[in-house]
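[1] Got a sequence here, can you build the structure:
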Amino acid sequence: MIKNNAVLKFGAALLCAASTVGMADVNTAADPIDMLYNFQAVGQFQSFDANTGKSTYLISATGRAPVVKSNGVVRLRKADTESHTVLLSNAAITFDPFDPLNPSPVVNFTCSGCTLSFPDGSTLISDPAVPLEGRALFVYGPVAPDPSSLIMSIRMAGCSGLTEVAGVGKLAGKVGSICFNGMFNFDVSDPTQFPATITGESNCTIVMHTPVSIPVPQ
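    Residues are numbered from 1 along each chain as shown. Presented below is the predicted three-dimensional model:
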């Protein structure tokens, strides 16, 4: 048993050494990199598929890195700077069919084509292999109920895989995920049709790391 353990430890040491060599050319910025952004989004109606009943909006947004105080309170910066801003574009959000007058308790949606552009040149895209899958939580009702309002704000939640594709900046070559917890605002003044424009707000967490380089046996 002692001999076998020694062999296992020696093999593990060799594997770690080989992994270190294999990752020599990979971005070595501290892992993982955790980020928090508050996104203010706007979406334009793009299409409705009569065969599937799905509707699609093209979303763009500006994300600002807020300040997290020692007591856990999150607040936006008073003076925003470019270094604390990320831009989201080309996010096509497609909702499963639902009746605006009587929506299902939970409405699923997907997102494709998302691009996140950082000031230092890093560019993240939603990974097609790990697509964003979200849910509109109509079951919880409007976020801020107001019977007189023609805007219905519904809680949203979802996550997606991300990959960095530009090869520059502190996120160069990294992979990770984005998760959001926010709301979309629907104009329900005409419940017989989907609104031409929707807006939204969400605090999004983005966590990125350098992918592990697995050594190829010689």
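
[2] Look up how far Gly63 lies from Val86.
    Distance of Val86 to Gly63, computed by Cβ to Cβ, to the nearest Å: 4 Å. Yep, even glycine has a C-beta here, placed from its N, CA and C like the rest.

[3] now do Glu164
    Counting by Cβ to Cβ, the gap from Glu164 to Gly63 is 16 Å.

[4] Give me the nearest residue to the most centrally placed residue in the chain, chain neighbours excluded.
    Among the residues of the chain, the one closest to the centroid is Ile178, at 3.1 Å (Cα atoms, centre = their mean). Excluding the flanking residues, the one nearest Ile178 by Cβ to Cβ, 6 or more residues apart in numbering is Ile206, at 4.9 Å.

[5] Tell me the secondary structure at that neighbour.
    Secondary structure, DSSP: H, G, I helix; E, B strand; the rest coil: Ile206 is strand.

[6] Just give me the neighbour total for it.
    Counted with other Cβ atoms under 10 Å, the neighbours of Ile206 add up to 20.

[7] That one is in contact with Ser177, isn't it?
    Yes: counting by Cβ atoms under 8 Å, Ser177 is a contact partner of Ile206 at 7.4 Å.

[8] how about the helices of this protein, start to end?
    2-22 (DSSP state H).

[9] the strands in this protein, which residues?
    33-49, 54-64, 67-68, 74-75, 85-95, 107-112, 115-117, 123-126, 132-136, 151-164, 175-187, 197-209 (DSSP state E).
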